[in-house]
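J.: Need a 3D model of the sequence below.
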Amino acid sequence: MEDLPTKLVYTQICKQGAVRAVRFNVDGSYCLTCGSDKTVKLWNPHRKLLLKSYIGHGYEVLDAQGSSDNSQICSGGMDKTVLLIDVATGKPLRRYRGHAGTVNCVRFNEESTLILSGSIDSTVKIWDLKSRKMEPIQVLDESKDSITCIQVSDHEILTGSADGKTRRYDLRTGKLFSDHIGKSITSVTFTQDGQCILVSTLDDSVKLIDKDTGEMLNEFIGHKNSDYKIDNCLNSKDTHVLSGSEDDSVYIWDLIEAKVIHKLKHEGQKIVHSLTYHPSETCLITAAGDKIFIWKSKYAASLDT
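T.: Numbering: from 1, shown residues only. Predicted coordinates for the structure are as follows:
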């Protein structure tokens, strides 16, 4: 039996309105939560500690990520802006205002020298943190509808759009690869080996797609996702697929057999829309309502209360 995060260790009320997203940092020591109260919060989820709150957005914050050296945070939200925040001082270092609508997703590149932001305005904008200029250095405008999600690897940018297509930009060759998946896409994830992508769509489905051929290798069903933007992810060993759901649960499937192995119930919550998996350990954090839920292996020692 594969070791999976099926034990609810504790629940944290974040006190920032609805939690719009939860994200582990690069080594899994900390996590960020984005709130409908315009804040980003930094936590040590392993010790139940709130470390700092960050303000600067004028409206709900929808996504955030920590830089590769943990010194900075990028965030985006419904005020159409992208912020670069200094972790230690809490002060916004840059405020990029180039989008015409809500910023749905933000990511650093691998070196954390660029921020990529995807918006309801159908564009991805790339901001150079080393430049004094406040305009994007590049705009990816191939999408015909809202950009809902972005992932970045060492040489690729992967986007998902409400137009039902994934677009993969290969930075080494300068080529664009586009695959029509079907319904609006809500989440995209690279597998750890970089060979495949995991795509969630608004037809109650998560699909495993071969990155090079576009062939669907597997489909994961059983959860409900027809109305909301809901995250998917893989565990740190690429053996299991996880997704939030609109029926108060997180579903865990076996990657090969596509069978539901576990359902993690979130009592009192309707929609579990965001989740993040520890990069190396058996630990999952999920977000629903105004709370985050920390799940670990049933073999893990309990946290001190």
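
J.: And the pLDDT for the residue lying closest to residue 129 once chain neighbours are set aside?
T.: Excluding its sequence neighbours, the residue lying closest to residue 129 (Cβ to Cβ, 6 or more residues apart in numbering) is residue 113, at 5.7 Å. Glycine gets a C-beta too; all of them are placed from N, C-alpha and C. In the prediction, the pLDDT value recorded for residue 113 is 97.

J.: Quickly note the distance from residue 113 to residue 77.
T.: For residue 113, the distance to residue 77 (Cβ to Cβ, to the nearest Å) stands at 22 Å.

J.: Among these two, which residue is more densely surrounded?
T.: Taking neighbours as other Cβ atoms under 10 Å, residue 113 and residue 77 compare with residue 77 leading, 28 against 14.

J.: Need the phi and psi values for the closest residue to that one other than its chain neighbours.
T.: Spatial nearest neighbour of residue 77, chain neighbours left out: residue 61 (4.2 Å); criterion: Cβ to Cβ, 6+ apart. Taking degrees, to the nearest 10, you get phi -90, psi 130 for the backbone angles of residue 61.

J.: what sits against residue 61?
T.: By Cβ atoms under 8 Å, 6 or more residues apart in numbering, the contact list for residue 61 reads 20, 21, 34, 35, 36, 38, 39, 40, 75, 76, 77.

J.: Mind doing that once more with 7 Å?
T.: The neighbours of residue 61, taking Cβ atoms under 7 Å, 6 or more residues apart in numbering as the test, are 20, 34, 35, 38, 39, 40, 75, 77.

J.: Which of these fall within strands?
T.: Taking DSSP state E as the definition of strands, the contacts of residue 61 contribute 20, 34, 35, 40, 75, 77.

J.: Need these in CSV (columns: pLDDT).
T.: Below are these laid out as CSV (pLDDT from 0 to 100):
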residue, pLDDT
20, 97
34, 98
35, 97
40, 98
75, 98
77, 98
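
J.: Going by distance to residue 166, which of those wins?
T.: Residue 166 has its nearest neighbour among these in residue 20, at 22.5 Å by Cβ to Cβ.

J.: ranges for the strands of the stretch 51-200 of the chain?
T.: With DSSP state E, counting those that start in this stretch, the ranges of strands along the stretch 51-200 of the chain come out as 61-66, 72-77, 82-86, 92-96, 103-108, 114-119, 124-128, 138-140, 147-152, 156-161, 165-170, 175-180, 185-190, 196-201.

J.: okay, the angle between the last one and strand 156-161?
T.: Comparing the axes of strand 196-201 and strand 156-161 via axes from the mean of the first three to the mean of the last three Cα atoms, to 10 degrees yields an angle of 20 degrees.

J.: Paired strands for strand 196-201, with orientation please.
T.: Sheet pairing of strand 196-201 (DSSP bridges) gives strand 185-190 (antiparallel), strand 205-210 (antiparallel).

J.: which one of these is the most hemmed in?
T.: Most buried of those, by mean neighbour count (mean count of other Cβ atoms under 10 Å): strand 185-190, with a mean of 24.

J.: List the contacts of that one.
T.: The contact list for strand 185-190, computed with Cβ under 7 Å, 6+ apart, reads 148-149, 151, 153, 158, 160-161, 164, 166, 197-202, 225, 229-234.

J.: 8 Å instead?
T.: When contacts are defined by Cβ under 8 Å, 6+ apart, strand 185-190 is touched by residues 148-151, 153, 156, 158-162, 164-166, 196-202, 211, 225, 228-234, 243.

J.: got the angle between that strand and strand 175-180?
T.: 130 degrees.

J.: pLDDT of stretch 256-273, averaged?
T.: Rounded mean pLDDT across stretch 256-273 is 95.

J.: Please state the offset of that stretch from the chain centre?
T.: Taking the mean of its C-alpha atoms, stretch 256-273 sits 17 Å from the chain's own mean (Cα atoms, centre = their mean, to the nearest Å).

J.: Compute the first-to-last residue distance for it.
T.: 24 Å (Cα to Cα, to the nearest Å).
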